[in-house]
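K.L.:
sequence and predicted model, in that order:
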Amino acid sequence: MSDQNLSNQHHDSQEELHTGLKIVSFCFPIVGAILYFVNKDKYPKKAKSACTLALWGFGIGILINIIFTILGGAAAFLGGGY
C-alpha cells in the first residue's frame, strides 16, 4: 500500500469513536456531551457519534422514567394504600 492509503486508514481509525466510549456516551449522556465538545473541531465524525449516542441515551432515559412513574402510580392506586 502507498503511504497515502496508510495515512487515510490511520485518519479514518482516529475518526471512529471507540466502542467503550460509545457505550459510556449512551449510558451517561453528560460524557457524550463532553466528548462532543472536546472532539468537534479536530474529529467531527467522532464528535457527531458521541453527541448522537448521548441524545439517544438521554431520550431513552426520559422514556424509562415516564414508564416507571406510570407503573408506580398504577401500583399505588391498585395497592389500596398499603
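P.N.:
Noted; the coordinates are in hand.
K.L.:
the longest helix in the protein is where?
P.N.:
The helix that spans the most residues within the chain, counting by DSSP state H, is helix 44-78.
K.L.:
tell me the buried residues in that helix?
P.N.:
Using 16 or more other Cβ atoms under 10 Å as the burial criterion, the residues of helix 44-78 that qualify are Lys46, Ala47, Ser49, Ala50, Cys51, Thr52, Leu53, Ala54, Leu55, Gly57, Phe58. Where you see a C-beta, it was placed from the backbone N, CA and C, and this is true even at glycine.
K.L.:
residues in contact with Gly59?
P.N.:
Not one residue lies near Gly59 by Cβ atoms under 8 Å, 6 or more residues apart in numbering.
K.L.:
and it, how far from Thr52?
P.N.:
The span separating Gly59 from Thr52 equals 11 Å under the rule Cβ to Cβ, to the nearest Å.
K.L.:
circling back: turn the buried residues of helix 44-78 into CSV, columns for distance to Asn39.
P.N.:
Written out in CSV, the entries for the buried residues of helix 44-78 read as follows (distance: Cβ to Cβ, whole Å):
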residue, distance to Asn39
Lys46, 5
Ala47, 4
Ser49, 9
Ala50, 7
Cys51, 9
Thr52, 13
Leu53, 13
Ala54, 12
Leu55, 16
Gly57, 17
Phe58, 18
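K.L.:
and Thr19, what pLDDT?
P.N.:
The model reports Thr19 with a pLDDT of 94.
K.L.:
my read: Cys51 touches Ile34, true?
P.N.:
No: Cys51 sits out of contact with Ile34 when judged by Cβ atoms under 8 Å, with a separation of 10.5 Å.
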